[in-house]
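Trainee: Mind looking at a prediction? Sequence and model below.
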Amino acid sequence: MVKQIIFIVILLATLGIFSYTLLRLRRIFKLTRSWHPINYPERLKRLFIIGIGQSRILRKPLVGFMHALVFWGFMVITIGSMEMVIDGITGLERSFQRLGGFYTLIIFTGDIFAWLILILIAAFIARRLWLAIPRFKGVEMKKRSKTDAYLALSIILLLMISLIGINISYNQATNEEFAYLFPLSGALSFLIPVESAYVLHEIFWWMHILLIFIFANMLPYSKHFHVFTSLPNVFLSRLEPLGKMDHMPEIEKEVRLMLDPGAVVESTDAAPARFGVKDTTDLTWKSYLDSLTCTECGRCTAVCPANQTGKLLSPRKIVMDVRARMNEIVALPFHQAQEANSKSLLRDWITEEELWACTTCNACARECPVNINQPSIILSMRRYLVMEESAVPNSLATMLSNIENNGAPWQYPASERESWMNNIN
Ligand code: SF4
Ligand code: SF4
(Lines give C-alpha, C1' and ligand atoms only; values in the text may rest on other atoms or scores of the structure.)
(Ligands and ions follow the chains in the order given, each with its own letter.)
Protein backbone atom coordinates (compact mmCIF):
# COMPACT_ATOMS: atom_id res chain seq x y z
CA MET A 1 0.00 0.00 0.00
CA VAL A 2 2.83 2.41 0.87
CA LYS A 3 4.44 1.62 -2.46
CA GLN A 4 1.15 2.35 -4.24
CA ILE A 5 0.75 5.72 -2.51
CA ILE A 6 4.33 6.75 -3.29
CA PHE A 7 3.89 5.62 -6.89
CA ILE A 8 0.61 7.52 -7.35
CA VAL A 9 2.11 10.71 -5.91
CA ILE A 10 5.08 10.48 -8.27
CA LEU A 11 2.81 9.64 -11.21
CA LEU A 12 0.59 12.65 -10.48
CA ALA A 13 3.63 14.92 -10.25
CA THR A 14 4.87 13.54 -13.59
CA LEU A 15 1.49 14.05 -15.24
CA GLY A 16 1.28 17.54 -13.74
CA ILE A 17 4.61 18.59 -15.24
CA PHE A 18 3.72 16.95 -18.55
CA SER A 19 0.34 18.73 -18.64
CA TYR A 20 2.09 22.04 -18.06
CA THR A 21 4.34 21.26 -21.05
CA LEU A 22 1.34 20.38 -23.21
CA LEU A 23 -0.43 23.63 -22.27
CA ARG A 24 2.71 25.57 -23.06
CA LEU A 25 2.91 23.85 -26.45
CA ARG A 26 -0.75 24.60 -27.11
CA ARG A 27 -0.05 28.25 -26.45
CA ILE A 28 2.90 28.19 -28.84
CA PHE A 29 0.97 26.42 -31.59
CA LYS A 30 -1.71 29.11 -31.30
CA LEU A 31 0.88 31.69 -32.38
CA THR A 32 1.25 29.98 -35.78
CA ARG A 33 -0.95 30.00 -38.89
CA SER A 34 -3.71 27.51 -39.47
CA TRP A 35 -3.45 24.49 -41.78
CA HIS A 36 -5.99 21.79 -42.48
CA PRO A 37 -4.97 18.23 -43.34
CA ILE A 38 -7.04 16.26 -45.86
CA ASN A 39 -7.06 12.71 -47.29
CA TYR A 40 -6.79 10.63 -44.14
CA PRO A 41 -6.62 7.19 -45.86
CA GLU A 42 -3.45 8.21 -47.74
CA ARG A 43 -2.04 9.63 -44.50
CA LEU A 44 -2.61 6.34 -42.71
CA LYS A 45 -0.78 4.53 -45.51
CA ARG A 46 2.21 6.84 -45.03
CA LEU A 47 2.08 6.36 -41.29
CA PHE A 48 2.42 2.61 -41.70
CA ILE A 49 5.01 2.63 -44.49
CA ILE A 50 7.27 5.54 -43.49
CA GLY A 51 6.44 5.87 -39.78
CA ILE A 52 6.05 2.35 -38.45
CA GLY A 53 7.73 0.57 -41.39
CA GLN A 54 10.68 3.00 -41.23
CA SER A 55 10.98 2.77 -45.03
CA ARG A 56 13.11 5.87 -45.41
CA ILE A 57 15.60 5.03 -42.74
CA LEU A 58 16.00 1.55 -44.21
CA ARG A 59 17.40 3.04 -47.42
CA LYS A 60 20.77 2.72 -45.70
CA PRO A 61 20.57 -1.03 -44.96
CA LEU A 62 22.95 -1.44 -42.02
CA VAL A 63 22.63 1.80 -40.03
CA GLY A 64 18.98 2.05 -41.07
CA PHE A 65 18.21 -1.42 -39.75
CA MET A 66 19.98 -0.59 -36.47
CA HIS A 67 17.83 2.52 -36.02
CA ALA A 68 14.66 0.69 -37.04
CA LEU A 69 15.36 -2.06 -34.49
CA VAL A 70 15.60 0.54 -31.73
CA PHE A 71 12.31 2.10 -32.88
CA TRP A 72 10.45 -1.22 -33.14
CA GLY A 73 11.94 -2.38 -29.85
CA PHE A 74 10.65 0.72 -28.09
CA MET A 75 7.17 0.09 -29.47
CA VAL A 76 7.17 -3.37 -27.87
CA ILE A 77 8.81 -2.30 -24.61
CA THR A 78 6.31 0.56 -24.21
CA ILE A 79 3.54 -2.03 -23.71
CA GLY A 80 5.55 -3.44 -20.79
CA SER A 81 5.97 0.10 -19.41
CA MET A 82 2.21 0.61 -19.52
CA GLU A 83 1.85 -2.58 -17.48
CA MET A 84 4.28 -1.20 -14.91
CA VAL A 85 2.15 1.94 -14.51
CA ILE A 86 -0.99 -0.17 -14.02
CA ASP A 87 0.89 -2.39 -11.54
CA GLY A 88 2.12 0.69 -9.68
CA ILE A 89 -1.38 2.14 -9.32
CA THR A 90 -3.21 -1.09 -8.48
CA GLY A 91 -0.50 -2.86 -6.50
CA LEU A 92 -0.92 -5.92 -8.74
CA GLU A 93 1.98 -7.94 -10.09
CA ARG A 94 2.28 -8.23 -13.86
CA SER A 95 -1.33 -7.24 -14.42
CA PHE A 96 -1.21 -7.82 -18.19
CA GLN A 97 -0.50 -11.50 -17.67
CA ARG A 98 -4.19 -12.22 -18.21
CA LEU A 99 -3.66 -11.33 -21.88
CA GLY A 100 -2.20 -14.83 -22.23
CA GLY A 101 -0.27 -15.60 -25.43
CA PHE A 102 -0.06 -11.95 -26.47
CA TYR A 103 1.54 -11.11 -23.14
CA THR A 104 4.07 -13.91 -23.50
CA LEU A 105 4.93 -12.64 -26.98
CA ILE A 106 5.38 -9.03 -25.78
CA ILE A 107 7.56 -9.87 -22.76
CA PHE A 108 9.55 -12.49 -24.70
CA THR A 109 10.32 -10.13 -27.61
CA GLY A 110 10.71 -7.24 -25.16
CA ASP A 111 13.54 -9.10 -23.45
CA ILE A 112 15.30 -9.70 -26.77
CA PHE A 113 14.77 -6.07 -27.81
CA ALA A 114 16.13 -4.82 -24.46
CA TRP A 115 19.44 -6.55 -25.18
CA LEU A 116 19.47 -5.45 -28.80
CA ILE A 117 18.77 -1.82 -27.89
CA LEU A 118 21.44 -1.94 -25.17
CA ILE A 119 24.04 -3.09 -27.68
CA LEU A 120 22.90 -0.72 -30.43
CA ILE A 121 22.78 2.34 -28.18
CA ALA A 122 26.27 1.51 -26.90
CA ALA A 123 27.35 1.32 -30.56
CA PHE A 124 25.70 4.68 -31.34
CA ILE A 125 27.50 6.31 -28.39
CA ALA A 126 30.82 4.80 -29.51
CA ARG A 127 30.19 5.99 -33.06
CA ARG A 128 29.58 9.56 -31.86
CA LEU A 129 32.64 9.45 -29.63
CA TRP A 130 35.19 7.86 -31.92
CA LEU A 131 34.03 8.08 -35.52
CA ALA A 132 34.07 11.41 -37.34
CA ILE A 133 30.67 11.12 -39.05
CA PRO A 134 30.42 14.24 -41.29
CA ARG A 135 26.63 14.60 -40.93
CA PHE A 136 26.96 15.06 -37.16
CA LYS A 137 28.95 18.24 -37.81
CA GLY A 138 27.87 21.68 -38.98
CA VAL A 139 27.57 25.26 -37.80
CA GLU A 140 24.15 24.49 -36.37
CA MET A 141 25.43 21.60 -34.24
CA LYS A 142 26.20 23.55 -31.09
CA LYS A 143 27.34 22.09 -27.78
CA ARG A 144 23.73 21.80 -26.61
CA SER A 145 22.86 19.45 -29.50
CA LYS A 146 25.75 17.17 -28.62
CA THR A 147 24.98 17.21 -24.90
CA ASP A 148 21.33 16.47 -25.69
CA ALA A 149 22.27 13.49 -27.81
CA TYR A 150 24.63 11.99 -25.21
CA LEU A 151 22.16 12.59 -22.39
CA ALA A 152 19.29 10.89 -24.21
CA LEU A 153 21.45 7.97 -25.33
CA SER A 154 22.72 7.51 -21.75
CA ILE A 155 19.18 7.51 -20.34
CA ILE A 156 18.10 4.92 -22.92
CA LEU A 157 21.12 2.84 -21.96
CA LEU A 158 20.13 3.02 -18.28
CA LEU A 159 16.52 2.20 -19.18
CA MET A 160 17.65 -0.99 -20.88
CA ILE A 161 20.03 -1.93 -18.04
CA SER A 162 17.21 -1.51 -15.51
CA LEU A 163 14.76 -3.46 -17.68
CA ILE A 164 17.21 -6.31 -18.05
CA GLY A 165 17.80 -6.10 -14.28
CA ILE A 166 14.03 -6.43 -13.71
CA ASN A 167 13.87 -9.48 -15.96
CA ILE A 168 16.88 -11.22 -14.39
CA SER A 169 15.83 -10.57 -10.80
CA TYR A 170 12.17 -11.49 -11.44
CA ASN A 171 13.24 -14.73 -13.02
CA GLN A 172 15.41 -15.52 -10.01
CA ALA A 173 12.83 -14.36 -7.41
CA THR A 174 10.16 -16.60 -8.95
CA ASN A 175 12.47 -19.64 -9.06
CA GLU A 176 12.49 -19.50 -12.84
CA GLU A 177 8.77 -20.23 -12.98
CA PHE A 178 8.48 -17.69 -15.81
CA ALA A 179 11.84 -18.38 -17.43
CA TYR A 180 10.09 -18.86 -20.80
CA LEU A 181 9.34 -15.09 -20.75
CA PHE A 182 13.02 -14.09 -20.64
CA PRO A 183 14.96 -15.91 -23.39
CA LEU A 184 18.17 -13.90 -22.87
CA SER A 185 18.01 -12.41 -19.38
CA GLY A 186 16.85 -15.72 -17.94
CA ALA A 187 20.24 -17.23 -18.73
CA LEU A 188 21.89 -14.68 -16.42
CA SER A 189 19.79 -15.33 -13.32
CA PHE A 190 22.78 -17.01 -11.66
CA LEU A 191 24.33 -13.53 -11.33
CA ILE A 192 21.83 -12.64 -8.61
CA PRO A 193 21.63 -14.52 -5.30
CA VAL A 194 18.12 -15.85 -4.66
CA GLU A 195 17.90 -14.15 -1.27
CA SER A 196 18.50 -10.65 -2.72
CA ALA A 197 16.48 -11.17 -5.92
CA TYR A 198 13.30 -9.55 -4.59
CA VAL A 199 15.09 -6.45 -3.26
CA LEU A 200 17.04 -6.07 -6.47
CA HIS A 201 13.85 -6.46 -8.46
CA GLU A 202 12.30 -3.56 -6.52
CA ILE A 203 15.40 -1.42 -7.03
CA PHE A 204 15.47 -2.07 -10.80
CA TRP A 205 11.69 -1.61 -11.02
CA TRP A 206 11.81 1.84 -9.40
CA MET A 207 14.91 2.82 -11.34
CA HIS A 208 13.18 1.93 -14.63
CA ILE A 209 9.87 3.65 -13.94
CA LEU A 210 11.52 6.82 -12.55
CA LEU A 211 13.77 7.01 -15.61
CA ILE A 212 10.69 6.74 -17.83
CA PHE A 213 8.99 9.58 -15.94
CA ILE A 214 12.07 11.79 -16.05
CA PHE A 215 12.72 11.00 -19.72
CA ALA A 216 9.10 11.72 -20.70
CA ASN A 217 9.32 15.18 -19.14
CA MET A 218 12.73 15.91 -20.59
CA LEU A 219 11.87 14.97 -24.17
CA PRO A 220 9.68 17.97 -25.06
CA TYR A 221 12.58 20.28 -24.20
CA SER A 222 15.14 18.44 -26.30
CA LYS A 223 15.66 17.28 -29.85
CA HIS A 224 14.39 13.89 -28.71
CA PHE A 225 10.86 15.23 -28.72
CA HIS A 226 10.63 13.33 -31.99
CA VAL A 227 10.00 10.23 -29.85
CA PHE A 228 6.49 11.68 -29.40
CA THR A 229 6.07 13.73 -32.58
CA SER A 230 7.58 11.66 -35.38
CA LEU A 231 4.55 9.44 -36.02
CA PRO A 232 2.05 12.35 -35.96
CA ASN A 233 4.41 14.34 -38.18
CA VAL A 234 4.62 11.54 -40.74
CA PHE A 235 0.84 11.18 -40.62
CA LEU A 236 0.42 14.91 -41.25
CA SER A 237 3.15 15.20 -43.86
CA ARG A 238 2.78 16.69 -47.31
CA LEU A 239 0.88 14.52 -49.78
CA GLU A 240 1.39 16.61 -52.92
CA PRO A 241 4.40 15.93 -55.18
CA LEU A 242 7.45 17.52 -53.58
CA GLY A 243 8.21 19.77 -56.56
CA LYS A 244 4.74 21.29 -56.58
CA MET A 245 4.67 24.78 -55.09
CA ASP A 246 1.84 25.58 -52.73
CA HIS A 247 -0.39 28.19 -54.26
CA MET A 248 -1.32 31.31 -52.31
CA PRO A 249 -5.08 31.62 -52.05
CA GLU A 250 -4.67 35.15 -50.77
CA ILE A 251 -3.37 36.36 -54.16
CA GLU A 252 -5.10 33.83 -56.40
CA LYS A 253 -7.94 36.24 -57.20
CA GLU A 254 -5.58 38.97 -58.40
CA VAL A 255 -3.52 36.54 -60.49
CA ARG A 256 -6.62 35.04 -62.11
CA LEU A 257 -7.96 38.48 -62.95
CA MET A 258 -4.60 39.53 -64.35
CA LEU A 259 -4.49 36.51 -66.65
CA ASP A 260 -8.15 36.77 -67.59
CA PRO A 261 -9.88 40.06 -66.75
CA GLY A 262 -13.28 38.41 -67.43
CA ALA A 263 -12.71 35.54 -64.99
CA VAL A 264 -15.35 34.91 -62.35
CA VAL A 265 -13.64 34.84 -58.97
CA GLU A 266 -15.02 34.37 -55.51
CA SER A 267 -14.56 37.23 -53.13
CA THR A 268 -11.79 36.43 -50.68
CA ASP A 269 -11.25 37.34 -47.09
CA ALA A 270 -9.31 40.41 -46.11
CA ALA A 271 -5.69 40.50 -47.22
CA PRO A 272 -3.37 38.49 -44.95
CA ALA A 273 -1.27 40.31 -42.43
CA ARG A 274 1.82 39.21 -44.32
CA PHE A 275 2.71 37.53 -47.61
CA GLY A 276 5.13 34.68 -47.08
CA VAL A 277 7.13 34.13 -43.93
CA LYS A 278 9.30 36.61 -42.10
CA ASP A 279 9.12 35.11 -38.65
CA THR A 280 8.33 31.73 -37.11
CA THR A 281 4.82 32.90 -36.23
CA ASP A 282 4.08 33.34 -39.96
CA LEU A 283 4.57 29.61 -40.52
CA THR A 284 1.75 27.10 -40.32
CA TRP A 285 1.51 24.95 -37.19
CA LYS A 286 2.56 22.00 -39.36
CA SER A 287 5.86 23.66 -40.23
CA TYR A 288 6.39 24.33 -36.55
CA LEU A 289 5.61 20.68 -35.79
CA ASP A 290 8.28 19.82 -38.39
CA SER A 291 10.81 21.81 -36.38
CA LEU A 292 9.86 20.00 -33.16
CA THR A 293 10.23 16.67 -34.91
CA CYS A 294 13.71 17.24 -36.33
CA THR A 295 16.08 14.62 -34.95
CA GLU A 296 19.09 16.68 -36.06
CA CYS A 297 20.33 13.57 -37.89
CA GLY A 298 21.77 15.66 -40.73
CA ARG A 299 20.59 13.35 -43.51
CA CYS A 300 19.04 16.35 -45.30
CA THR A 301 22.20 18.44 -45.17
CA ALA A 302 24.29 15.47 -46.30
CA VAL A 303 22.35 15.30 -49.60
CA CYS A 304 21.87 19.04 -50.11
CA PRO A 305 23.73 20.05 -53.30
CA ALA A 306 24.06 23.63 -52.10
CA ASN A 307 25.66 22.54 -48.83
CA GLN A 308 27.88 19.98 -50.53
CA THR A 309 29.24 22.61 -52.89
CA GLY A 310 30.24 24.92 -50.06
CA LYS A 311 27.22 27.24 -49.95
CA LEU A 312 26.00 28.59 -46.64
CA LEU A 313 22.73 26.63 -46.76
CA SER A 314 22.05 23.68 -44.48
CA PRO A 315 18.43 22.45 -44.48
CA ARG A 316 18.93 21.04 -40.97
CA LYS A 317 19.89 24.52 -39.77
CA ILE A 318 16.76 26.00 -41.35
CA VAL A 319 14.54 23.60 -39.40
CA MET A 320 16.52 24.00 -36.16
CA ASP A 321 16.38 27.79 -36.50
CA VAL A 322 12.58 27.70 -36.69
CA ARG A 323 12.50 25.87 -33.34
CA ALA A 324 15.15 28.09 -31.76
CA ARG A 325 13.44 31.28 -32.89
CA MET A 326 10.11 30.10 -31.48
CA ASN A 327 11.83 29.36 -28.17
CA GLU A 328 13.17 32.90 -28.25
CA ILE A 329 9.68 34.32 -28.87
CA VAL A 330 8.10 32.22 -26.14
CA ALA A 331 10.71 33.36 -23.65
CA LEU A 332 9.32 36.88 -24.07
CA PRO A 333 6.30 38.07 -22.09
CA PHE A 334 3.20 36.73 -23.89
CA HIS A 335 1.90 40.11 -25.14
CA GLN A 336 5.29 40.83 -26.70
CA ALA A 337 5.47 37.39 -28.25
CA GLN A 338 2.37 38.13 -30.29
CA GLU A 339 3.55 41.51 -31.39
CA ALA A 340 6.47 42.26 -33.58
CA ASN A 341 9.70 42.42 -31.66
CA SER A 342 13.00 43.67 -32.82
CA LYS A 343 14.21 40.29 -34.07
CA SER A 344 12.85 37.89 -36.67
CA LEU A 345 13.57 34.46 -38.14
CA LEU A 346 14.64 36.18 -41.33
CA ARG A 347 18.09 37.75 -41.03
CA ASP A 348 18.53 37.25 -37.26
CA TRP A 349 18.49 33.48 -37.69
CA ILE A 350 18.34 32.68 -41.40
CA THR A 351 20.14 34.90 -43.87
CA GLU A 352 19.06 35.80 -47.38
CA GLU A 353 22.21 34.14 -48.67
CA GLU A 354 21.08 30.81 -47.22
CA LEU A 355 17.60 31.16 -48.69
CA TRP A 356 18.74 31.98 -52.21
CA ALA A 357 21.30 29.18 -52.20
CA CYS A 358 18.51 26.60 -52.35
CA THR A 359 18.03 24.94 -55.75
CA THR A 360 14.59 23.60 -54.68
CA CYS A 361 15.74 20.13 -55.69
CA ASN A 362 13.82 18.64 -52.72
CA ALA A 363 16.55 16.08 -52.00
CA CYS A 364 16.38 17.10 -48.34
CA ALA A 365 12.63 16.49 -48.05
CA ARG A 366 12.97 13.17 -49.86
CA GLU A 367 15.69 12.01 -47.46
CA CYS A 368 14.21 13.12 -44.14
CA PRO A 369 13.19 10.04 -42.11
CA VAL A 370 10.36 11.92 -40.39
CA ASN A 371 8.99 13.57 -43.54
CA ILE A 372 9.94 17.15 -42.73
CA ASN A 373 9.49 19.56 -45.60
CA GLN A 374 12.42 21.97 -45.45
CA PRO A 375 11.94 23.60 -48.91
CA SER A 376 8.44 24.79 -47.96
CA ILE A 377 9.98 26.93 -45.20
CA ILE A 378 12.66 28.24 -47.57
CA LEU A 379 10.15 29.04 -50.32
CA SER A 380 7.78 30.79 -47.92
CA MET A 381 10.61 32.99 -46.70
CA ARG A 382 11.65 33.77 -50.26
CA ARG A 383 8.05 34.71 -50.97
CA TYR A 384 8.20 37.24 -48.17
CA LEU A 385 11.41 38.70 -49.54
CA VAL A 386 9.99 39.00 -53.05
CA MET A 387 6.45 40.09 -52.28
CA GLU A 388 6.95 42.31 -49.27
CA GLU A 389 10.45 43.66 -49.67
CA SER A 390 11.19 43.19 -53.39
CA ALA A 391 14.51 41.93 -52.08
CA VAL A 392 15.78 39.53 -54.70
CA PRO A 393 19.26 38.90 -56.04
CA ASN A 394 20.02 40.96 -59.17
CA SER A 395 20.14 37.85 -61.29
CA LEU A 396 16.51 37.15 -60.45
CA ALA A 397 15.22 40.71 -60.49
CA THR A 398 15.47 40.99 -64.29
CA MET A 399 13.73 37.66 -64.79
CA LEU A 400 10.91 38.58 -62.42
CA SER A 401 10.29 41.96 -64.06
CA ASN A 402 10.30 40.23 -67.48
CA ILE A 403 7.65 37.81 -66.26
CA GLU A 404 5.61 40.69 -64.92
CA ASN A 405 5.93 42.78 -68.09
CA ASN A 406 6.23 40.17 -70.84
CA GLY A 407 4.62 37.08 -69.34
CA ALA A 408 7.91 35.27 -69.97
CA PRO A 409 11.37 35.24 -68.34
CA TRP A 410 12.96 36.79 -71.44
CA GLN A 411 13.25 40.42 -72.49
CA TYR A 412 10.88 40.09 -75.46
CA PRO A 413 7.13 40.58 -75.43
CA ALA A 414 4.91 37.61 -76.14
CA SER A 415 4.04 39.06 -79.57
CA GLU A 416 7.68 38.65 -80.64
CA ARG A 417 7.99 35.16 -79.31
CA GLU A 418 8.12 33.61 -82.75
CA SER A 419 10.44 36.20 -84.33
CA TRP A 420 13.41 33.87 -84.02
CA MET A 421 11.89 31.90 -86.92
CA ASN A 422 11.97 34.86 -89.32
CA ASN A 423 15.43 34.15 -90.63
CA ILE A 424 14.83 30.45 -91.07
CA ASN A 425 14.55 29.48 -94.72
S1 SF4 B 1 15.74 21.70 -51.75
FE2 SF4 B 1 17.23 23.28 -51.19
S3 SF4 B 1 17.77 22.84 -49.09
FE4 SF4 B 1 16.80 20.99 -49.91
S5 SF4 B 1 18.47 19.74 -50.67
FE6 SF4 B 1 17.76 20.94 -52.40
S7 SF4 B 1 19.08 22.77 -52.36
FE8 SF4 B 1 19.29 21.80 -50.35
S1 SF4 C 1 15.17 17.81 -41.13
FE2 SF4 C 1 14.92 15.57 -41.19
S3 SF4 C 1 16.76 14.83 -42.24
FE4 SF4 C 1 17.15 16.93 -41.60
S5 SF4 C 1 18.19 16.77 -39.64
FE6 SF4 C 1 16.00 17.01 -39.21
S7 SF4 C 1 15.21 14.93 -39.09
FE8 SF4 C 1 17.21 14.78 -40.05
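Mentor: Done, it's in. Ligands and ions are numbered 1, 2, ... in the order given.

Trainee: need the residues of the chain near ligand 1, please.
Mentor: Within the chain, the positions adjacent to ligand 1 are 304-306, 313, 315, 358-364, 374-375 by C-beta under 6 Å from any ligand atom. Every residue, glycine included, has its C-beta placed from N, CA and C.

Trainee: What about the residue in the stretch 101-250 of the chain that ligand 2 sits nearest to, how many residues nearby?
Mentor: Scanning the stretch 101-250 of the chain for proximity to ligand 2 using C-beta to the nearest ligand atom identifies H226 as nearest, at 7.2 Å. Under the neighbour criterion other C-beta atoms under 10 Å, H226 is assigned a count of 20.

Trainee: That one contacts T293, correct?
Mentor: Yes - if you go by C-beta atoms under 8 Å, H226 and T293 touch, sitting 4.9 Å apart.

Trainee: Please identify every residue contacting each of those two.
Mentor: With contacts taken as C-beta atoms under 8 Å, 6 or more residues apart in numbering, the residues that reach both H226 and T293 are N233, V370.

Trainee: follow-up on the earlier one: can I get the buried part of the residues of the chain next to ligand 1 as one PyMOL selection?
Mentor: In PyMOL, selecting the buried portion of the residues of the chain next to ligand 1, with burial taken from 16 or more other C-beta atoms under 10 Å, looks like this:
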select buried, resi 304+306+313+315+358+362+363+364+374+375
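
Trainee: Go through the residues of the chain next to ligand 1 and flag which are in helices.
Mentor: Secondary structure defined by DSSP state H assigns P305, A306, P315, A363, C364, Q374, P375 of the residues of the chain next to ligand 1 to helices.

Trainee: ok, back up a step: do you know how far the residue of the stretch 101-250 of the chain closest to ligand 2 is from P232?
Mentor: Taking C-beta to C-beta, to the nearest Å as the criterion, H226 is separated from P232 by 10 Å.

Trainee: what's whichever strand or helix holds R347 packed up against?
Mentor: Taking DSSP states H and E as the criterion, the element that holds R347 is helix 345-348. Other helices and strands packing on helix 345-348, by 3 or more C-beta pairs under 8 Å, 6 or more residues apart in numbering; DSSP states H and E, are helix 315-330, helix 374-389.

Trainee: Mind listing what's buried along it?
Mentor: Per 16+ other C-beta under 10 Å, helix 345-348 contains these buried residues: L345, L346.

Trainee: quick one: it to chain centroid distance?
Mentor: 22 Å (C-alpha atoms, centre = their mean, to the nearest Å).

Trainee: List of residues touching it?
Mentor: By C-beta under 8 Å, 6+ apart, the surrounding residues in contact with helix 345-348 are V277, K278, D279, T280, D321, V322, R325, E352, M381, Y384, L385.

Trainee: contacting residues for the spatially most central residue of the chain?
Mentor: Computing the C-alpha centroid of the chain and ranking residues by C-alpha atoms, centre = their mean puts T293 first, at 1.5 Å. For T293, the residues meeting the contact criterion (C-beta under 8 Å, 6+ apart) are F225, H226, T229, S230, N233, V370, I372.

Trainee: Let's have the ones in helices among the residues of the chain next to ligand 1 in TSV, adding pLDDT and distance to I57.
Mentor: Rendered in TSV, the data for these read as follows (pLDDT from 0 to 100; distance: C-beta to C-beta, whole Å):
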residue	pLDDT	distance to I57
P305	96	22
A306	96	23
P315	97	17
A363	96	16
C364	96	15
Q374	96	17
P375	96	20
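
Trainee: now, among the residues you listed, which is nearest to P241?
Mentor: Of all these, P375 has the smallest distance to P241: 12.1 Å, by C-beta to C-beta.

Trainee: thinking the closest one is in contact with A365, fair?
Mentor: Yes - proximity of P375 to A365 meets the contact threshold set by C-beta under 8 Å, at 5.8 Å.

Trainee: ok, back up a step: please report how far the residue nearest to the centre of the chain lies from F74.
Mentor: From T293 over to F74 the distance is 16 Å, taken as C-beta to C-beta.

Trainee: Could you identify which of the helices and strands packed on helix 345-348 is most buried?
Mentor: Looking across the helices and strands packed on helix 345-348 with neighbours counted as mean count of other C-beta atoms under 10 Å, the highest average goes to helix 315-330: a mean of 22.

Trainee: That one versus helix 374-389: what angle between them?
Mentor: Interaxial angle, helix 315-330 versus helix 374-389 (axes from the mean of the first three to the mean of the last three C-alpha atoms, to 10 degrees): 60 degrees.

Trainee: helices or strands next to helix 315-330 in the packing?
Mentor: Using 3+ C-beta pairs under 8 Å, 6+ apart as the contact test, the elements touching helix 315-330 are helix 2-29, helix 285-293, helix 299-303, helix 345-348, helix 374-389.

Trainee: on that earlier part again, for E140, state which of the contacts of T293 is nearest.
Mentor: Taking C-beta to C-beta as the measure, I372 is the one of those closest to E140, at 14.3 Å.

Trainee: In space, what's closest to that closest one - neighbours in sequence excluded?
Mentor: The shortest distance from I372 to any residue that is not its chain neighbour, by C-beta to C-beta, 6 or more residues apart in numbering, is 4.4 Å, and that residue is D290.

Trainee: related to what we said a few turns ago, ranking by neighbours, what's the top pick from the contacts of T293?
Mentor: For the contacts of T293, counting by other C-beta under 10 Å, the largest number of neighbours falls to I372: 30 neighbours.

Trainee: That residue belongs to a helix?
Mentor: No - I372 sits outside any helix when classified using DSSP: H, G, I helix; E, B strand; the rest coil, being coil.

Trainee: pretty sure it is touching T295, no?
Mentor: No - judged on C-beta under 8 Å, I372 makes no contact with T295 at a distance of 9.2 Å.

Trainee: quick revisit: which of the helices and strands packed on helix 315-330 sits closest to ligand 2?
Mentor: helix 299-303 (3.3 Å).

Trainee: Thanks again, I'm all set now.
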